[in-house]
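Undergrad: can't give you the sequence, but here's the structure:
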């Protein structure tokens, strides 16, 4: 089994607001193995970004970690002081942010921005750090790096800026790279380039990636494992094939159903809107929007039911006593594919 | 089939340049021509900077076009000079904007936002009629009519976009330009709004110009599609033709870059790299739109027609 480098257990985070406590993260557990890519999928407000910010120790002032632990190897990140976090952040755990237009300092040469973490974390001399910055600029595919290293962010296009952001994040060869919607602001052709670059670099420097996105198409191409979040909880997790071809939770069904593929003729939208986390609903938070909700869904929260060794889903539909339901057509189509794939043993473990 | 339908909008050689006469001249839209038939949805796709939004804004006359004609319902809108003529035109054509947070005035109540068009065009004879109209509109777009005296900040992104749609519908337009109406919304909400637009089209016989960069969504909603790049329209055809039988290399590369929610497909994906050099016009070989197969046009020079015909034929095998 692969080495486990990150283990998040029963994480609970509240935000204090004037209206009361927003329960943004409600009992979230997941882990990350060495060299793998874990995708966390969900809508805005599902808690995916808050989860990753807590890994970096970057939570807002009004956030409070109510419970749980985040074990990075054998140390609990939640117990670290700000000073200790500064030594981890950027060196062992690095982050790529969504918007390449605002995550670079407009007044600093990009060479300086890339060399900064090396000088800070590795106590490198300026000359040596800049030399290494030049190397990583080549690695992320910036043309004419000798000249461009002395330029400022505004002289680069969006896609190029995101390459620089990736260079900054990777320059210390971090063990974990958190990518929070790294391609959402980019055009599709540029997005494809950046995703390919990330995959290539991952194998070169052996980093593990936590990939946050709402785009299931991107997830299908990037992830080894997927966790689906809804209303501050993980509702289903499994390998990428298990989530895409054998989904069990009605929310995962709804998500897959509401995304157009190039061949879809009918889109089934998920009705309604996500619940208010000031006062999260009892039971399954998705019940109010689900056509498959049963009486128990509004009364009692479903535990995780095991589908396979790697695949778990929190829905009462998996309880042995639950009535058999037929998922939407598109899901049935996917599940048939899955049955075929398992028969051929071509499922990626 | 579409040949028999009435052309509601004809865009002929539209040019929209900025900074004319200065050294930083931008040809945002350069010689673009297409038709939109009554009752259909025409999708305009392209990357940022391709000129798709500028095209939409020129059509609704938010810009004064540099050159070219925009004929709406038989009338050249560039020749509408008086305020009254413009007034009447704006009733026929409405727009839904990209950002539902920036496009609603935060200080106005929902009923006043929706009724602004009704007031300007004096469509309601009394206050009671006005509120009845607003209530009906809110109901049509799937909002609660009791929400009419609330302010925009009390609504979610998807609900705000519904308000934007209600506002556009208030003056009973024939033609709606939807400029990236769903790109600011969550996946599960995007489908809701797109389905709402589709339903409204069916019920009210609307014609849409749907501008977006999300190719799979454009494919889903549009009858015909135009692909733009660097201010030029490169390919026009039915959405099936453009997606399954792309003629222009740029279209093919764009489609190959779309991520698909299917891991098997993604593992075997081959991205086509596009070389934009083939778009540059040379003096003796000017490029214009050529019809390769019925209803499927591509921008090319006379010499290239044979190449594209061959490509179109290769799909038929």
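TA: Looks like it came in fine. These figures come from a predicted structure and were not determined experimentally.
Undergrad: count of neighbours near the one residue in the stretch 1-150 of chain A that gets nearest to chain B?
TA: Nearest to chain B, among the residues of the stretch 1-150 of chain A, is residue A:43, at 4.2 Å (C-beta to the nearest C-beta). Just so you know, the C-beta spots here come from the backbone N, C-alpha and C atoms, and that holds for glycine as well. Applying other C-beta atoms under 10 Å in any protein chain shown, we find 21 residues neighbouring residue A:43.
Undergrad: phi and psi next, for whatever residue of the stretch 101-250 of chain A ends up closest to chain B.
TA: Closest approach between the stretch 101-250 of chain A and chain B, counting by C-beta to the nearest C-beta: residue A:217, at 2.9 Å. In terms of degrees, to the nearest 10, the main-chain angles of residue A:217 are phi -60, psi -40.
Undergrad: one step back: now the residue of the stretch 1-150 of chain A closest to chain B. Nearest residue, chain neighbours left out?
TA: Counting by C-beta to C-beta, 6 or more residues apart in numbering or on different chains, the nearest residue to residue A:43 once its immediate chain neighbours are dropped is residue B:186, at 4.2 Å.
Undergrad: what residues does chain B have near chain A?
TA: Residues of chain B found near chain A (C-beta under 8 Å from any C-beta of the partner chain) are B:47-48, B:156, B:158-159, B:186-192, B:194-195, B:213, B:215-217, B:219-220, B:243, B:253-267, B:269, B:271, B:274.
Undergrad: which of the three states applies to the residue of the stretch 1-150 of chain A closest to chain B?
TA: Put simply, residue A:43 is coil when judged by DSSP: H, G, I helix; E, B strand; the rest coil.
Undergrad: for it, give me its contacts.
TA: Going by C-beta atoms under 8 Å, 6 or more residues apart in numbering or on different chains, residue A:43 touches A:214, A:230, A:274, B:186-189.
Undergrad: identify the farthest-apart pair in the residues you listed.
TA: Pairwise distances across these (C-beta to C-beta) peak at 13.8 Å, for the pair A:230 and B:189.
Undergrad: more neighbours: the two, which one.
TA: Neighbours were tallied for residue A:230 and for residue B:189 using other C-beta under 10 Å; the higher tally belongs to residue A:230 (28 against 25).
Undergrad: surely the residue nearest to residue A:43 meets residue B:157?
TA: Yes. With contact defined as C-beta atoms under 8 Å, residue B:186 counts as touching residue B:157 (7.3 Å).
Undergrad: who's more crowded, these two?
TA: Legend: neighbour count by other C-beta under 10 Å for residue B:186 and residue B:157, higher for residue B:186 (23 against 18).
Undergrad: pLDDT score for that one?
TA: At residue B:186, the pLDDT value in this model is 80.
Undergrad: how near is it to residue B:226?
TA: 27 Å (C-beta to C-beta, to the nearest Å).
Undergrad: and stretch B:76-83, what's buried?
TA: Buried residues in stretch B:76-83, counted by 16 or more other C-beta atoms under 10 Å in any protein chain shown: B:77-78, B:80.
Undergrad: got the end-to-end distance for that stretch?
TA: End-to-end distance of stretch B:76-83 (C-alpha to C-alpha, to the nearest Å): 15 Å.
Undergrad: with stretch A:171-183 instead?
TA: End-to-end distance (C-alpha to C-alpha), stretch A:171-183: 20 Å.
Undergrad: tell me the buried residues in that stretch?
TA: A:171-172, A:174-183.
Undergrad: restrict those to those near chain B?
TA: Checked against chain B using C-beta under 8 Å from any C-beta, these give no members in range.
Undergrad: in the chain, which ranges drop under the pLDDT threshold?
TA: Answering for chain A, as no chain was given. Residue ranges of chain A with pLDDT under 70: A:1, A:262-264, A:345-349.
Undergrad: not what I meant, chain B
TA: Counting by pLDDT under 70, chain B shows low-confidence ranges at B:1-4, B:281-283.
Undergrad: how about the residues of the stretch 151-300 of chain A by chain B?
TA: Applying C-beta under 8 Å from any C-beta, one finds that the stretch 151-300 of chain A approaches chain B through A:158, A:187-192, A:195-196, A:214-221, A:240-241, A:244-245, A:254-256, A:258-262, A:264-265, A:267-271, A:273.
Undergrad: surely residue A:332 is in contact with residue A:339?
TA: No. Residue A:332 is not in contact with residue A:339 according to C-beta under 8 Å; the separation is 10.6 Å.
Undergrad: for the lengthiest helix in chain A, name the packing helices and strands.
TA: When chain A is parsed with DSSP state H, its longest helix is helix A:188-205. Applying 3 or more C-beta pairs under 8 Å, 6 or more residues apart in numbering or on different chains; DSSP states H and E, one finds that helix A:188-205 makes contact with helix A:158-170, helix A:216-222, helix B:249-256.
Undergrad: redo that, cut-off 10 Å
TA: When contacts are defined as 3 or more C-beta pairs under 10 Å, 6 or more residues apart in numbering or on different chains; DSSP states H and E, helix A:188-205 packs onto strand A:37-41, helix A:126-139, helix A:158-170, strand A:176-180, strand A:208-213, helix A:216-222, helix B:249-256.
Undergrad: flag every buried residue along it.
TA: For helix A:188-205, the buried set under the neighbour-count rule, 16+ other C-beta under 10 Å, comprises A:188-195, A:197-198, A:201-202, A:205.
Undergrad: if we can go back for a sec, which among the helices and strands packed on helix A:188-205 is found nearest to residue A:81?
TA: With distances scored as C-beta to C-beta, the stretch of those nearest to residue A:81 is strand A:176-180 (19.7 Å).
Undergrad: so how far is the closest one off the chain centroid?
TA: Relative to its chain's centre, strand A:176-180 lies at 7 Å (C-alpha atoms, centre = their mean, to the nearest Å).
Undergrad: repeat that for stretch B:228-236.
TA: 14 Å.
Undergrad: so which residues make contact with stretch A:111-127?
TA: Residues external to stretch A:111-127 that are found in contact with it (C-beta atoms under 10 Å, 6 or more residues apart in numbering or on different chains): A:86-92, A:94, A:104-105, A:108-109, A:128-137, A:140, A:145, A:148-153, A:164-165, A:167-172, A:174.
Undergrad: repeat the analysis, applying 7 Å as the threshold.
TA: By C-beta atoms under 7 Å, 6 or more residues apart in numbering or on different chains, the residues outside stretch A:111-127 that reach it are A:90-91, A:104-105, A:129-130, A:132-133, A:136-137, A:149-150, A:167-168, A:171-172.
Undergrad: could you give the number of residues near the residue lying closest to residue B:28 once chain neighbours are set aside?
TA: In this structure, residue B:28 finds its nearest non-sequential neighbour in residue B:54, 4.3 Å apart by C-beta to C-beta, 6+ apart. A count of nearby residues for residue B:54, using other C-beta under 10 Å, gives 23.
Undergrad: in what helix or strand does residue B:54 lie?
TA: Element membership for residue B:54 (DSSP states H and E) is helix B:52-59.
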